[in-house]
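# task: produce atomic coordinates for the following.
(4 chains)
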4 protein chains.
Amino acid sequence: MDKLNEQLHSKLNAILQHSTESKQELLSLLEGVELKHKGHYKTYLAALMGISSRLIDENTYESIIPNRELVHNPLRITHGGITASLMDIAMGSLVHQFLPQQQAAVTSEMKIHFLSSGTGNELKCLATAIFKSDTRWVVQANVYRDDKKLVATATGTFMIITKRA
Amino acid sequence: MDKLNEQLHSKLNAILQHSTESKQELLSLLEGVELKHKGHYKTYLAALMGISSRLIDENTYESIIPNRELVHNPLRITHGGITASLMDIAMGSLVHQFLPQQQAAVTSEMKIHFLSSGTGNELKCLATAIFKSDTRWVVQANVYRDDKKLVATATGTFMIITKRA
Amino acid sequence: MDKLNEQLHSKLNAILQHSTESKQELLSLLEGVELKHKGHYKTYLAALMGISSRLIDENTYESIIPNRELVHNPLRITHGGITASLMDIAMGSLVHQFLPQQQAAVTSEMKIHFLSSGTGNELKCLATAIFKSDTRWVVQANVYRDDKKLVATATGTFMIITKRA
Amino acid sequence: MDKLNEQLHSKLNAILQHSTESKQELLSLLEGVELKHKGHYKTYLAALMGISSRLIDENTYESIIPNRELVHNPLRITHGGITASLMDIAMGSLVHQFLPQQQAAVTSEMKIHFLSSGTGNELKCLATAIFKSDTRWVVQANVYRDDKKLVATATGTFMIITKRA
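Predicted coordinates for the structure are as follows:
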């Protein structure tokens, strides 16, 4: 076992010995990291969020996250930064579904209204395109709780760029 | 060693055996978790980000994050959701510095312009109040790279609420 | 005829003698002023715009303007400031429909996406509430052309205030 | 005197006979129309607003309007649509100052915070560029009263397009 591996196990031990916090959250986090390393998640942020996504029709993209402690703020509701990330990811992913391989979408700007507390078991984001041109898409996103209440709504502009060879 | 502890070490082993990704990032993440459990960070998101903050004058709040792989998007630049989180945290924290203990600030809305790629060693966010009333603050935030280039700019509205007894 | 009346007629003469521009626009403008003076329009801006509005169901307010030269920009399409005004008026009016007499709504912030040129005979704005509390409403508005194309979309926050006695 | 001229004078008479409202406002409006017809103002909206503008340094554009009844809302403060128009015009004009003749700037989106009532004798808008690329500019604008109080603040994205031959 190499030096860094040892350090990692000893750090994990240190956490486990002194912590009264939920070990379940830590396990979820490590599972996320494993999935990130395996390529299932593209970013640590997505791994932390435990996001799962799919195109549900030709104009709507859905992204869902479990509303667990890993994404909470100190008030035990979803962190606003996580809600913002969820919407940015869902809106950007929607655009990417429809771009040819040599193009990419970059968030140019985004405005978010935070409307109700992120409570319940999961948060579902639905992203829909409201305008498309060769150079920019304007996308709208809503985030809902289990009880269908609207947690947040956003609009964003995505610039279409050509990837460097 | 209890069941969950065992599971955690075995998950860590699984990650270490099969991953070619940087173990350093994982160590930083575990250190963040430790600091979260010790109360240094209030959220897992802040722990992932490794954020450090201070009031630099009576109207300006500064929050800095290391621009490490943990906060990157697949293009190896800062994830837009992280930049948004950084600005939301800095703006909200600024307001909280000036509220009496029985009050709290809630983000009502926020608009972000993403201007340049988040590259370099760290990102620094400076948040400043541009309007204050008893019921809402309007705050402005800029995020800069090491080379002083403006990465993002945002404005947000924060509602002042009275905490429940 | 008093001094100012004389001045007004002589100004009108000056305009008519030297102008090659459409007199029809000037007539529409004077008719708007007349309606403003009679109380049909509450503002000169609304008179210029020739706005007409109605509540079309319990959650939707409609405001329509003729897309005439009076509201054009130099490119002969609807001026962005007019489109913004149309949406602000429709959204604010929606809120006012549902407030008790001693309360008023004040625009706190508004974000507008300009999507397509304002061409055709008229522009129709539909405003809908997406969030309501005792202290603020969040409202969404779309502006459409005759051919149903979306010209602009907006969201705004309206603060509910109690009028001074 | 042709038919339409006669109609215009008779409309003016009708207004003057039955109105108790300020004739001074009507005179200002007709003077604006005259300046519009002479090419001094490019739009009826600018004529109504009585806007005057200048580049004050290589990065700042200033637009001022008299805060007269013509631009008021029913509460006798500046209409929010006028404030929005003032900022859109100032921001767009700033960009146009720096574009070659074959290019134009189009407002893509704009977000406005309304902070204080538009009272006093005039409103001054200062627009500054915060980001420039070949395809878009991001511009910031503030509107101030005589007493230097901040009435509104905005950011907007302007797309740079090539004019058709």
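# just so I have it, where are all the strands in chain A?
A:52-57, A:60-66, A:103-114, A:122-132, A:136-144, A:150-162 (DSSP state E).
# can I get these in a markdown table with mean neighbour count, distance to residue D:110 and mean pLDDT?
Any C-beta I mention is one placed from the backbone N, CA and C, and that applies to glycine too. Below are the strands of chain A laid out as a markdown table (neighbours: other C-beta atoms under 10 Å in any protein chain shown; distance: least, C-beta to C-beta, whole Å; pLDDT from 0 to 100):
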| stretch | mean neighbour count | distance to residue D:110 | mean pLDDT |
| --- | --- | --- | --- |
| strand A:52-57 | 12 | 31 | 96 |
| strand A:60-66 | 20 | 26 | 98 |
| strand A:103-114 | 23 | 10 | 97 |
| strand A:122-132 | 19 | 15 | 98 |
| strand A:136-144 | 23 | 13 | 98 |
| strand A:150-162 | 22 | 12 | 97 |
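# out of the ones you listed, which is closest to residue B:8?
strand A:60-66 (18.8 Å; C-beta to C-beta).
# distance from the chain centre to that closest one, please.
Between the centre of strand A:60-66 and the centre of its chain there are 9 Å (C-alpha atoms, centre = their mean, to the nearest Å).
# is that strand anywhere near chain B?
No. Using C-beta under 8 Å from any C-beta of the partner chain, we find that strand A:60-66 stays clear of chain B, coming within 11.6 Å at best.
# name every strand pairing with that strand and say which way it goes.
Partner strands for strand A:60-66, per DSSP bridges, with pairing direction: strand A:52-57 (antiparallel), strand A:122-132 (antiparallel).
# picking that back up, could the strands of chain A be laid out in CSV, adding distance to residue B:115?
As requested, the strands of chain A are exported to CSV (distance: least, C-beta to C-beta, whole Å):
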stretch, distance to residue B:115
strand A:52-57, 27
strand A:60-66, 25
strand A:103-114, 9
strand A:122-132, 21
strand A:136-144, 15
strand A:150-162, 11
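# closest one to residue A:74 among the ones you listed?
Here strand A:103-114 is closest among the strands of chain A (C-beta to C-beta), at 15.8 Å.
# can you give me the angle that closest one makes with strand D:103-114?
Relative orientation of strand A:103-114 and strand D:103-114, computed by axes from the mean of the first three to the mean of the last three C-alpha atoms, to 10 degrees: 20 degrees.
# which residues does the spatially most central residue of chain A contact?
Geometric centre of chain A, nearest residue: residue A:86, 3.9 Å, by C-alpha atoms, centre = their mean. By C-beta atoms under 8 Å, 6 or more residues apart in numbering or on different chains, the residues touching residue A:86 are A:49, A:51, A:63, A:65, A:123, A:125, A:143, B:81.
# the second one reaches residue A:63, doesn't it?
The reference is to residue A:51. Yes. Between residue A:51 and residue A:63 there is a contact at 5.6 Å, judged by C-beta atoms under 8 Å.
# what do these two both touch?
Joint contacts of residue A:51 and residue A:63 (C-beta under 8 Å, 6+ apart) are A:86, A:89.
# how near is residue A:141 to residue A:130?
Using C-beta to C-beta, to the nearest Å, residue A:141 is found at 10 Å from residue A:130.
# common neighbours of these two, please.
residue A:155.
# what's across from residue A:131 in the sheet?
Those that pair with residue A:131 in a beta bridge, by DSSP bridges, are residue A:138.
# can you pull the contacts of it?
Residue A:131 neighbours (C-beta under 8 Å, 6+ apart): A:137-138, C:113, C:115-116, C:150.
# just the closest of those residues to chain B, please.
residue C:113 (11.7 Å; C-beta to the nearest C-beta).
# residues contacting the closest one?
A:130-131, A:138, A:155, A:157, C:152-154, D:108-109.
# tell me the one of those nearest residue C:13?
Looking across those and measuring by C-beta to C-beta, the closest to residue C:13 is residue C:152, at 39.1 Å.
# not counting sequence-adjacent ones, nearest residue to the closest one?
Residue nearest to residue C:152 in three dimensions, not counting chain neighbours: residue C:143, with 4.4 Å by C-beta to C-beta, 6 or more residues apart in numbering or on different chains.
# relative to chain B, how far out is the one you found?
Going from residue C:143 to chain B by C-beta to the nearest C-beta, to the nearest Å gives 20 Å.
# do the same with residue A:133
Taking C-beta to the nearest C-beta, one finds residue A:133 at 19 Å from chain B.
# tell me how many other residues crowd that residue.
Neighbour count of residue A:133, defined by other C-beta atoms under 10 Å in any protein chain shown: 11.
# now residue A:164
Neighbours of residue A:164 (other C-beta under 10 Å): 6.
# so which residues on chain A come close to chain D?
A:108-109, A:111, A:135-136, A:138, A:157, A:159.
# farthest pair in those residues?
A:111 and A:135 (19.8 Å).
# figure out which of the strands of chain A is closest to residue D:4.
strand A:122-132 (40.8 Å).
# about what we covered before: tell me which of the residues of chain A next to chain D is nearest to residue B:40?
So of those, ranked by how close each gets to residue B:40 (C-beta to C-beta), first place is residue A:111, at 32.1 Å.
# contacts only, for the closest residue to the closest one other than its chain neighbours.
Of all residues not flanking residue A:111 in the chain, residue B:111 sits nearest, at 3.9 Å (C-beta to C-beta, 6+ apart). Residues in contact with residue B:111 (C-beta under 8 Å, 6+ apart) are A:109-112, B:154-156, C:111, D:111, D:155.
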